[in-house]
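Engineer: From the sequence below, what's the structure:
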Amino acid sequence: MSDGHEATALKIFHIIARLNIGGPAIYVIQLGQRLSAAGHDVRVIKGQEAADEGDMLDMATEWSVSPVTLPHLRREIHPIRDFLALAGLVRILRKERPDIVQTHTAKAGALGRVAARIAGVKCVIHTFHGHVFQGYFSGPVTFLFLWIERWMARWTTKIVTLTRIQREDVLSRGIGSPSQVDVIPLGLELSRFLDLGAHRGHLRNELDISPATCLVGIVARLVPIKNVDLFLEAAAQCTDLDIRFVVVGDGELRDPLEAKAEALGLTKDSLRFLGFRHDLERIYADLDVLVLTSHNEGSPVAVLEAMTAELPVVATAVGGVPDLVEDGVTGTLVRSGDADAVARAIRSRAMDPEGNREMGRNARTRVYPEYDLTTLVPRMTRLYDEALAMTVNQR
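Structural biologist: The predicted structure follows:
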């Protein structure tokens, strides 16, 4: 496909645990649509989303992606449901006989790869979307996942990581071989964040915030790994300045986080919870600073979007974040869990609007077009070529 001759249409199946709101779902939907547009037969198989985490099914429809749902495929470990999900995957793959199976996220990665091998699929690719061995699960569960990933690597043609740091982490834990693990940066539709002039002022009018007030936001699922508590603790240290804060996103921790904000004295005059928003152009158009306080990350979508929108970022130096945010150039990196450091960084950015503009320009140059969707499809096409060639050589 990548050597200049006419591309061969492939049947490519993407398997993901669920299309909940977040980077992996966006990645699978957008990549699937673009591969289909390039002439490939692309199918998406997903599991069941939880009621409190939202889903990206509207986006899938908008992008002409019609996923097949396996209701037994869920995030939690459950022997009976997992066996039924595995059986369902084997049945589909045996019937459809795809050329390539690409799995995403831990549960779908394990069940999908086993099912692919049982069904006789020769080319199997797994994508690590985050640093799942730190911050997500308890020690025993993490150890189990690590053991599974080491074992599953033997059944995997290629392993994809989104960042160089992530690749080093995977290899250092004994997962796969250096020739097997490739870095393919996240690719998203970022062009919509290039010119936000028409959206400027709408969010501030909605929230009755003056153009002169510094507006600082976090865009994240309200789940433990995102550590939004840290954002609230830092915000509580900045109420003496002309700063307003917004939390964009929803999830299982919405109620406890709202209670914590109230306990910290963060009234609606200083901080607002906006829930899930689909009008992200309006959000980024009026923010002055984006904050990320996660315990761990792969390539955070909100950071890529904000940087494309020329916003400086204050972020914890975790996972793949330092591959995106260069301290003092495109934003500020702080130690994970340090609310004082986050607050100091926010205060510094709030008092330096000219510096923010320079950081914003640097930020866009850093991520666009490097992380735009237009770069992802050629990279994935080359990976598919290489992976298919490996399966031929192994016969």
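Engineer: quick check: longest helix of this structure.
Structural biologist: Using DSSP state H to define each element, the chain has its longest helix at helix 373-393.
Engineer: can you give me the offset of it from its chain's centre?
Structural biologist: Computed by CA atoms, centre = their mean, to the nearest Å, the chain-centroid distance of helix 373-393 equals 21 Å.
Engineer: who touches that helix?
Structural biologist: The contact list for helix 373-393 (CB atoms under 8 Å, 6 or more residues apart in numbering) reads 1-3, 7, 10, 12, 30-31, 34-35, 38, 99-100, 122-123, 125, 157-158, 160, 182, 184-190, 369. C-beta coordinates here come from the backbone N, C-alpha and C atoms, glycine included.
Engineer: could you flag which of those are buried?
Structural biologist: The neighbour count (16 or more other CB atoms under 10 Å) marks 1, 10, 12, 30-31, 34-35, 38, 99-100, 122-123, 125, 157-158, 160, 182, 184-190 as buried among the contacts of helix 373-393.
Engineer: Which members of the residues you listed are positioned in helices?
Structural biologist: Of the buried ones among the contacts of helix 373-393, the ones assigned to helices by DSSP H are 30, 31, 34, 35.
Engineer: Could you give me the buried positions within the longest helix of the chain?
Structural biologist: Buried residues in helix 373-393 (16+ other CB under 10 Å): 373, 375, 376, 377, 379, 380, 381, 383, 384, 385, 387, 388.
Engineer: Relative to residue 164, how far out is the second one?
Structural biologist: Which is residue 375. Separation of residue 375 from residue 164 (CB to CB, to the nearest Å): 16 Å.
Engineer: And this protein, what are its domain boundaries?
Structural biologist: 11-188+372-393, 191-367 (automatic domain parsing).
Engineer: Kindly reformat the ones you listed as a markdown table containing mean pLDDT.
Structural biologist: Below are the domains of the chain laid out as a markdown table (pLDDT from 0 to 100):
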| stretch | mean pLDDT |
| --- | --- |
| domain 11-188+372-393 | 93 |
| domain 191-367 | 97 |
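Engineer: Adding distance to residue 285, write the buried residues of helix 373-393 out as CSV.
Structural biologist: Formatted as CSV, these follow (distance: CB to CB, whole Å):
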residue, distance to residue 285
373, 21
375, 24
376, 25
377, 28
379, 30
380, 31
381, 34
383, 35
384, 37
385, 40
387, 40
388, 43
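Engineer: where does residue 294 fall, helix, sheet strand or coil?
Structural biologist: coil (DSSP: H, G, I helix; E, B strand; the rest coil).
Engineer: was I right about it contacting residue 318?
Structural biologist: Yes. Counting by CB atoms under 8 Å, residue 318 is a contact partner of residue 294 at 5.9 Å.
Engineer: mind listing the strands in the stretch 251-395 of the chain by residue range?
Structural biologist: Remark: strands assigned in the stretch 251-395 of the chain by DSSP state E, counting those that start in this stretch are 271-275, 289-292, 313-316, 331-334.
Engineer: so of the ones you listed, which one's packed in deepest?
Structural biologist: strand 289-292 (a mean of 28; mean count of other CB atoms under 10 Å).
Engineer: partners of that one in the sheet?
Structural biologist: Using DSSP bridges, strand 289-292 pairs in its sheet with strand 214-219 (parallel), strand 313-316 (parallel).
Engineer: Including distance to residue 348, could the ones you listed go into JSON lines?
Structural biologist: As requested, those are exported to JSON lines (distance: least, CB to CB, whole Å):
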{"stretch": "strand 214-219", "distance to residue 348": "11"}
{"stretch": "strand 313-316", "distance to residue 348": "9"}
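Engineer: wait, which of those is closest to residue 231?
Structural biologist: Counting by CB to CB, residue 231 lies closest to strand 214-219 out of those; the figure is 4.8 Å.
Engineer: Check which helices and strands the helix or strand just after that closest one is in contact with.
Structural biologist: Counting by DSSP states H and E, the element after strand 214-219 in chain order, helix or strand, is helix 228-235. Here helix 228-235 touches strand 214-219, strand 243-248, helix 254-263, helix 339-350, going by 3 or more CB pairs under 8 Å, 6 or more residues apart in numbering; DSSP states H and E.
Engineer: Of all the ones you listed, which one is nearest residue 149?
Structural biologist: Here strand 214-219 is closest among these (CB to CB), at 29.1 Å.
Engineer: re earlier: just to be careful, could you list which of the buried ones among the contacts of helix 373-393 are in strands?
Structural biologist: Residues of those located in strands (DSSP state E): 12, 100, 123, 125, 158, 160, 182.
Engineer: Out of the helices and strands packed on helix 228-235, flag the one nearest residue 116.
Structural biologist: It's strand 214-219; of the helices and strands packed on helix 228-235, that one is closest to residue 116 (CB to CB) at 34.3 Å.
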